[in-house]
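> please work out how this folds:
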Amino acid sequence: MLADFATLCVPLSKQSLDEHLTRVEQEGLAPLEFLACVIGAEADRRRERAIERRIKEARFPDVCTLADFDWQFNAQTIDRAQIEPLASCDFLRRKDNLVLVGQSGLGKSRIIKAISREACVVGYTVRYTTSGDLFTELTAALADQTLPKRIRFYCRFDLLIIDEFGFDRLEREACTQAASLLCKIIDTRGPQRSTALVTNVDFDAWSEYLGDPHDALRPVEHRQWQDSDQAGNGPGPCRLEDRSAAIF
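Residues are numbered from 1 along each chain as shown. The predicted structure is shown next:
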């Protein structure tokens with residue numbers, strides 16, 4: 001039996017096995033209960049390590065949880081009942097996108113990082129970046145002809161978070177193709193994966209903000225950003241007032 005566990009890469013010493021067998025005799029454990037005793041602790045350890053790895057790979061700049069969020073701060077602006085269901089990650093299962101729009105200082109970044117941390121816990125792969133860092137990275141990739149590789153990299157994750165869209169003016173001025181690069185990332189991720197964008201720029205101002213004709217942003221504004229309708233019939237096109245899961 002020990003050799004079988006070793007083949008399955010389940011660490012189990014002879015002493016631990018003897019202890020489990022003794023417990024079976026003393027407590028009259030059923031076969032499934034015995035099996036749970038033998039592999040349960042190791043399975044728990046592996047799950048914890050996997051969660052830690054996904055959180056590390058997400059590259060969150062700090063630790064944020066909804067449990068620690070101050071809901072009384074700007075309580076009139078932030079609808080707790082609207083935000084907390086997002087932690088269930090149903091929008092990821094539906095492969096919906098998410099936009100958090102609102103003025104600076106409301107806690108949008110903390111909320112998206114907390115939601116995304118929950119996504120890591122339940123098994124989704126996540127990547128966090130700011131709009132400025134993304135533009136800088138894609139501009140460099142464009143210069144050294146590695147852009148397709150970087151786009152494939154960002155398409156690997158179940159959830160891509162683009163934070164601080166609206167604080168990237170210097171990066172956009174340095175990259176005349178910023179709007180096209182952003183559209184390319186979101187378009188390539190397509191309907192197979194979710195993208196979350198956190199911004200203080202309202203939808204109507206996106207084209208002007210990026211300095212790009214409205215048609216260039218149409219795939220982002222009118223096809224990609226979706227949410228489930230109130231009747232629960234799945235994703236559908238969203239109007240300005242309900243296009244994102246949260247507009248502060």
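> can we go C-alpha only for contacts and neighbour counts from here?
OK.
> least confident secondary structure element in this structure?
Within the chain, no helix or strand scores below strand 235-237, which has a mean of 31 by mean pLDDT, DSSP states H and E.
> can I assume V99 sits in a helix?
No - assigned with DSSP: H, G, I helix; E, B strand; the rest coil, V99 falls outside any helix and is strand.
> give me the distance between it and V126.
Using Cα to Cα, to the nearest Å, V99 is found at 16 Å from V126.
> cool, Q76 as well?
From Q76 over to V126 (counting by Cα to Cα), the distance is 30 Å.
> more neighbours: which of those two?
Neighbour count, other Cα atoms under 10 Å: between Q76 and V126, V126 has more, with 25 against 10.
> just the terminal-to-terminal distance for stretch 185-201.
End-to-end distance for stretch 185-201: 19 Å, by Cα to Cα.
> now do the buried residues in that stretch.
Residues 185-186, 189-191, 193-201 are the ones in stretch 185-201 that count as buried (16 or more other Cα atoms under 10 Å).
> lowest-confidence entry in those residues?
Checking pLDDT across those, the minimum falls on G190 at 79.
> what's the local residue count around the residue nearest to R59 when sequence neighbours are not counted?
Nearest non-adjacent residue to R59, counting by Cα to Cα, 6 or more residues apart in numbering: Y128, 5.9 Å away. When neighbours are counted by other Cα under 10 Å, Y128 registers 21.
> could you do I161 as well?
Around I161 sit 25 other residues, with neighbours defined as other Cα under 10 Å.
> can I assume it sits in a strand?
Yes - when classified by three-state DSSP, I161 is found to be part of a strand.
> my read is that it contacts T125, right?
No - using Cα atoms under 8 Å, I161 makes no contact with T125, being 11.1 Å away.
> show me where the chain has strands.
98-101, 126-130, 159-165, 194-199, 226-228, 235-237, 246-247 (DSSP state E).
> can you lay out those strands as a markdown table showing distance to R53?
Converted to a markdown table, the strands of the chain look like this (distance: least, Cα to Cα, whole Å):
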| stretch | distance to R53 |
| --- | --- |
| strand 98-101 | 24 |
| strand 126-130 | 11 |
| strand 159-165 | 15 |
| strand 194-199 | 20 |
| strand 226-228 | 29 |
| strand 235-237 | 31 |
| strand 246-247 | 29 |
